[in-house]
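J.: pasting the sequence and the predicted model now:
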Amino acid sequence: KWGFTKFTREDYDRLLQQGQLQYDGGNVKYLPNHGPLEHWKKRQAV
């Protein structure tokens, strides 16, 4: 596992490059590709 995350280092690097991880202070937030369309649109605009 990478740091205190549930991801391996390879998965962590891949998810970070894909924009599915967001830094949240000392942690990271996983942003999945499912859920309300408006949330996805907001992430794509940033």
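T.: Structure's in. What do you need?

J.: list the beta-bridge partners for the residue most central in space within the chain.
T.: The chain has Leu21 as the residue nearest its centroid, 1.7 Å off, counting by Cα atoms, centre = their mean. Assessed by DSSP bridges, Leu21 has beta-bridge partners Tyr30.

J.: in the protein, where is pLDDT below threshold?
T.: Applying pLDDT under 70 to the chain flags residues 46.

J.: picking that back up, could you measure from the residue nearest to the centre of the chain over to His34?
T.: Counting by Cβ to Cβ, to the nearest Å, the separation of Leu21 from His34 is 16 Å. Bear in mind the C-beta positions are built from the backbone N, C-alpha and C, glycine included.

J.: next, Tyr23: phi, psi?
T.: phi -70, psi 140 (degrees, to the nearest 10).

J.: again but with Asp11, I slipped
T.: Backbone phi and psi, for Asp11 under degrees, to the nearest 10, turn out to be phi -60, psi -40.

J.: what about it, how many neighbours?
T.: 15 (other Cβ atoms under 10 Å).

J.: relative to Glu38, how far out is it?
T.: Asp11 is 27 Å from Glu38, by Cβ to Cβ.

J.: Gly26 now?
T.: On the measure of Cβ to Cβ, Gly26 and Glu38 end up 28 Å apart.

J.: then Leu31?
T.: Leu31 is 13 Å from Glu38, by Cβ to Cβ.

J.: which one's more surrounded, those two?
T.: Per other Cβ under 10 Å, whichever of Leu31 and Glu38 has more neighbours is Leu31, with 15 against 7.

J.: mind listing what Leu16 touches?
T.: Listed by Cβ atoms under 8 Å, 6 or more residues apart in numbering, the contact partners of Leu16 are Val28.
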